[in-house]
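1. the sequence and its predicted three-dimensional model are supplied below.
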Amino acid sequence: MGGGHLRMSELADTVLLSPSGVSRLVDRLVADDLLERRPCGADGRAVYAAITDRGRALLAEAEPTYAAALRHLFVGKYTSEEYEQLAALLLRVAPACRSLRPDPPD
């Protein structure tokens with residue numbers, strides 16, 4: 001989400017939700033003015049979820065707490081070799097996580 005937006009379908013894959021689940025989540029975030037829906041200029045059928053200025057401000061506010069939690073959990077707890085093993089394991093399991101996304105209801 002480097003540009004601050006992502007296609008709804010890509011967002012669903014990234015957060016491991018069904019398309020309808022991510023749509024409901026985005027609805028709530030839009031209502032809170034944290035995200036907005038934007039049409040995709042290149043593909044009229046596609047819609048982007050884009051972070052708002054308010055969303056960026058909230059994200060910036062949360063970042064120190066998130067970073068502190070990661071430091072507490074990971075920094076200095078493992079050897080260099082263990083960090084490399086952890087990275088390799090996470091990279092190996094990441095693609096499999098996509099298959100855990102629930103199927104849309106019939």
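-> Arrived safely, thanks for sending.
2. which parts of the lengthiest helix in the chain are buried?
-> The longest helix of the chain (DSSP state H) is helix 53-74. By 16 or more other CB atoms under 10 Å, the buried positions in helix 53-74 come out as residue 55. C-beta: built from backbone N, CA, C; applies to glycine.
3. list the contacts of it.
-> Helix 53-74 has contacts (CB atoms under 8 Å, 6 or more residues apart in numbering) with 4, 29, 32, 33, 34, 35, 51.
4. give me the neighbour count for residue 52.
-> Counted by other CB atoms under 10 Å, the residues lying close to residue 52 total 16.
5. can you point out the buried residues in the helix or strand bottoming out on mean pLDDT in the chain?
-> Lowest mean confidence among the helices and strands of the chain (mean pLDDT, DSSP states H and E): helix 8-15, at a mean of 82. Of the residues in helix 8-15, 8, 11, 12, 13 count as buried by neighbour count, 16+ other CB under 10 Å.
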